[in-house]
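Colleague: next input, structure requested:
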Amino acid sequence: MSTRLKRPAFWRHLGITAILIAFQGYLGYSFFTGQFGIESQDVLEKEIEELGATSAALGAEIESYRHRISLFKSSSLDPDLVSERARALLSMSEPDDYVVMVNATTGKPVSGSGAGSTTNELSGEIESGID
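Modeller: Modelled structure (predicted):
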């Protein structure tokens, strides 16, 4: 009894080769354009720079809040600054304070040293309700 070895088909080798070449093509394509490929590294680096700038801005904002919070400590409060700020917020003044009326639209004083009578101008501003 003789045994005859069957020769592999030519198409089988050709098919395996085609599949391996297609797989290598896919890997090459993913290497350049994939999620972590060469092209997306530029996008990721730009995103890292943007997030770094955002982080720096938020860090500066946090530091400004820490500074403002540190001003509330009783050891660092200046009574003159506290009273000045409170009077400014409440629109009140002490009897010995100098008050300068400012036009809200221009930001300039309502009367000056060259004005003849300041009483009429100021009373008109006060009666009309303009601060």
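Colleague: what's the domain layout of this protein?
Modeller: 13-99, 100-131 (automatic domain parsing).
Colleague: the longest one - what's its average pLDDT?
Modeller: Along domain 13-99, the predicted local confidence has a mean pLDDT of 88.
Colleague: ok, the nearest residue to Ser40 once chain neighbours are set aside to Ala56 distance?
Modeller: Sequence neighbours aside, Gly34 is the residue nearest to Ser40 in space, at 6.9 Å (criterion: Cβ to Cβ, 6 or more residues apart in numbering). Every residue, glycine included, has its C-beta placed from N, CA and C. Noted for Gly34: a distance of 31 Å to Ala56, by Cβ to Cβ, to the nearest Å.
Colleague: and for Pro79?
Modeller: 36 Å.
Colleague: which one of those two is surrounded by more residues?
Modeller: Each of Pro79 and Ala56 has its neighbours counted (other Cβ atoms under 10 Å); Ala56 has more, 10 against 7.
Colleague: distance-wise, check that one relative to His67.
Modeller: 16 Å.
Colleague: could you point out the longest helix in the chain?
Modeller: helix 38-70 (DSSP state H).
Colleague: packing partners for that helix?
Modeller: On a contact count with 3 or more Cβ pairs under 8 Å, 6 or more residues apart in numbering; DSSP states H and E, helix 38-70 meets helix 10-33.
Colleague: which other helices and strands contact the helix it packs on?
Modeller: helix 38-70.
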